[in-house]
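Colleague: sharing a model prediction with you, sequence too.
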Amino acid sequence: MSDKKVTISVSDLHIGGGPDDPGDDHVYHQRQFSQFIARLKDSPEGQAGEIELFINGDFLEFAQVNPGAYTLGSAKYWCSEAESMQKLEPIIQGHPDIFAALKEFSGRGNLVTMAAGNHDVELFWADVQKRLQEVAGPISFALGEEWFTRYDGRLKIGHGHQFDPANKFESWWNPILAGPDGVARLEMCPGTLFMVKFVNWLEGEFPFADNIKPVTNLRQILWKEDRLSFAAVAWMLARFLARHPKSALSTETDNTKLAAHLRQMLEFDDDFAAQITRLYQKVHASAATVETVRQELKSDQAVFTFLCDVMPQLPPEEWMPVLDLAGQSVSLGIGGKSSTLGIADPKARNDKETLRAAASAELNAENGPEIVVMGHTHQPDEKRSNRGVYFNTGSWTRYAELSQMENLTLENLRHEEKFPYQLNYVRVERLADNTLKSEMICYEQG
C-alpha cells in the first residue's frame, strides 16, 4: 500500500446502536464524527485524494450492542460470525451518517483503514468486513499485529490493548477458534468477559460504568464499595492482571485475604456453604454436595476459577447476593472504613506511563520510528523526546481523568453528563523534503 501524503489517526469511538441504544457512548449528539470526516474530505488534501484515515481500534462497540445475540456463556469463546453480524447491523443502522461519510471520503481517492481493537475483534470475520465495505466503501483492514507502519517505518500505529493483560488476546494474529459447540468463534479476552457479564449489567444503575476504560480501571472504584461481591469482582480483575505483573496496566499486587475469607465462610457457615453449593451445581455438577464443594474450593486458585466459571453462566443478580452473604459477618473496611477483613486496594499503575513505556521502547529501538500513535486507555497524552514523539489520541467518548479515579465512587457514575469529552486526532504529513510533521489536534471538547 502506498503511503498518502497525510495520515489521520483516531481511536476508541465505541460506536454502538445510535441514539436509542443506552450502551452507545460515542459522542454523536451533533454528528461530530461524520462532520469531521466531511471536513477532511473537503480539505485540499482530501479533494486531491491524499489522506489516509487510520481508525486505530475500538471503532465499533460490539461488546455492548445487541447483547442477546451472544448465547454461549463462556469465559473463553466469544461470538460466532453469525452472532457478530447480528451485532453489526444495529451499529450500521444507528449511525448511517458515519458510514455514508466514509464512503464519500474514500470516493475522492482517500484511504480508510480500520484496525481491530479489543472491542471490535469481530473485524476478523470475512462477512463483517464485506458488510462494512458495502456501506462504507473500500475499507482496508489492519489485523493481527501489534503495530502498523507508514512512511518506511517512521510512523508506527497500534491500539495498545496487547500491552494490557486483561484485554490481551493469546492468539491476536488469528483469534478465531474452534468453539465447543462445533462453531468457529472468536477468542474471549478477560476484559470482554467482564464487560459483557458484569459492566453491561452494572450500567443499568450506573450509566457511566462502561465508560471507565480500560475495564481494569473500574477495579479501583469497586474496591471502595462496602459490598463483598464488588470486592470479589475487583479481586478477579487483579488476579487476571497479576498473571503478567511486568506489563499490567493496573496492578502491582494481588490480594489473597478475600479468597481466604470466602474459604473460611464456606467451611464454617452452613447457610453460605449451601448457597455456594447451589451455584456450583448450576455451573459444574448438579449432584454436588456441600462437602464436595468444600473439598473442591480449598485454595485461592480454586475459588478464582469457580468465580470465573460462574460469571459467564449466571447473571450478576444471582451470584452477587450470595457473595454478599459472606460480608455480613465482618466489617469489610473497603475504601478506608474500619476493617477486620482488611481488604486492601492494590495500588494502580498509571496507564499513561505504561503505554508511554511501550512507545518509548519502539522509539528507542535500533531503526525505530519517529512517531508512535496509540489509543486504548481513553487518556489523551503526548510526550516528546530527542528520539521522537508519542501520541495517545484518547477516545471519542466521555472519559474520567486518571487523577480523579482515586476519588470516584459508583455513585458518581450515575451522572454520565458530568464527565468531559475531548475529540482528538493525530495528523502526520509528509512534507516536500520527505520529513514528517506531526501534531495532535482537538476537533471538539466539552
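Modeller: Cool, got the structure. Numbers count the residues shown, from 1 in each chain.

Colleague: average pLDDT across whichever strand or helix holds F230?
Modeller: When secondary structure is defined by DSSP states H and E, F230 falls within helix 228-242. Confidence for helix 228-242, expressed as mean pLDDT, is 80.

Colleague: next helix or strand past that helix?
Modeller: Read in the C-terminal direction, the helix or strand following helix 228-242 is helix 257-268, with elements assigned using DSSP H and E.

Colleague: what's the next helix or strand after that following helix in contact with?
Modeller: Secondary structure here is assigned by DSSP H and E; on that basis, the next helix or strand after helix 257-268 toward the C-terminus is helix 270-283. Contact partners of helix 270-283, identified using C-beta atoms under 8 Å, 6 or more residues apart in numbering, comprise 265-267, 287-290, 292-294, 296-297, 306, 309-310, 313-314, 318-319, 322, 325-326. For every residue, glycine as well, the C-beta is placed using N, CA and C.

Colleague: just stretch 81-90 next, same as before
Modeller: Applying C-beta under 8 Å, 6+ apart, the set of residues contacting stretch 81-90 from outside is 16-18, 21, 60, 62, 65-66, 69-71, 79, 122, 125-128, 131-132, 184, 186.

Colleague: only whichever of those are buried, select them in PyMOL.
Modeller: What follows is the PyMOL syntax for the buried subset of these, where burial is set by 16 or more other C-beta atoms under 10 Å:
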select buried, resi 16+17+18+21+60+62+65+66+69+70+79+122+125+128+131+132+186
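
Colleague: so which of the contacts of stretch 81-90 sit within helices?
Modeller: Counting by DSSP state H, the members of the contacts of stretch 81-90 that fall within helices are 126-128, 131-132.

Colleague: quick one: end-to-end distance for stretch 106-124.
Modeller: Taking C-alpha to C-alpha, to the nearest Å as the measure, stretch 106-124 stretches 21 Å from start to finish.

Colleague: cool, and stretch 2-18?
Modeller: Using C-alpha to C-alpha, the gap from the first to the last residue of stretch 2-18 comes to 34 Å.

Colleague: specify the local secondary structure of A302.
Modeller: With DSSP: H, G, I helix; E, B strand; the rest coil as the basis, the three-state label of A302 is helix.

Colleague: picking that back up, in JSON lines: the ones in helices among the contacts of stretch 81-90, plus distance to P369 and pLDDT.
Modeller: Formatted as JSON lines, these follow (distance: C-beta to C-beta, whole Å; pLDDT from 0 to 100):
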{"residue": "A126", "distance to P369": "31", "pLDDT": "98"}
{"residue": "D127", "distance to P369": "34", "pLDDT": "98"}
{"residue": "V128", "distance to P369": "30", "pLDDT": "98"}
{"residue": "R131", "distance to P369": "33", "pLDDT": "98"}
{"residue": "L132", "distance to P369": "28", "pLDDT": "98"}
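
Colleague: in JSON lines, list those residues along with distance to R31.
Modeller: What follows is these, written out as JSON lines (distance: C-beta to C-beta, whole Å):
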{"residue": "A126", "distance to R31": "30"}
{"residue": "D127", "distance to R31": "28"}
{"residue": "V128", "distance to R31": "24"}
{"residue": "R131", "distance to R31": "22"}
{"residue": "L132", "distance to R31": "19"}
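
Colleague: now the buried members of the contacts of helix 270-283.
Modeller: Neighbour-count burial within the contacts of helix 270-283 applies to 265-266, 288, 293, 296-297, 306, 309-310, 313-314, 319, 322, 325-326; the criterion is 16+ other C-beta under 10 Å.

Colleague: ranges for the helices of the stretch 301-446 of the chain?
Modeller: Secondary structure of the stretch 301-446 of the chain by DSSP state H, counting those that start in this stretch: the helices cover 316-325, 351-363, 402-405.

Colleague: before we move on, the earlier item: farthest pair in the buried ones among the contacts of helix 270-283?
Modeller: Across the buried ones among the contacts of helix 270-283, no pair lies farther apart than M265 and Q313, at 21.9 Å, counting by C-beta to C-beta.

Colleague: and the gap between the closest residue to H415 other than its chain neighbours and P175?
Modeller: Beyond its immediate neighbours in the sequence, the residue positioned closest to H415 (C-beta to C-beta, 6 or more residues apart in numbering) is F208, lying 7.0 Å away. In this structure, F208 and P175 are 29 Å apart, going by C-beta to C-beta, to the nearest Å.

Colleague: higher neighbour count, the two?
Modeller: Taking neighbours as other C-beta atoms under 10 Å, F208 and P175 compare with F208 leading, 23 against 20.

Colleague: tell me the SS of that one?
Modeller: When the structure is reduced to helix, strand and coil (three-state DSSP), F208 reads as helix.

Colleague: residue contacts, it?
Modeller: 398, 400, 412-416, 419.
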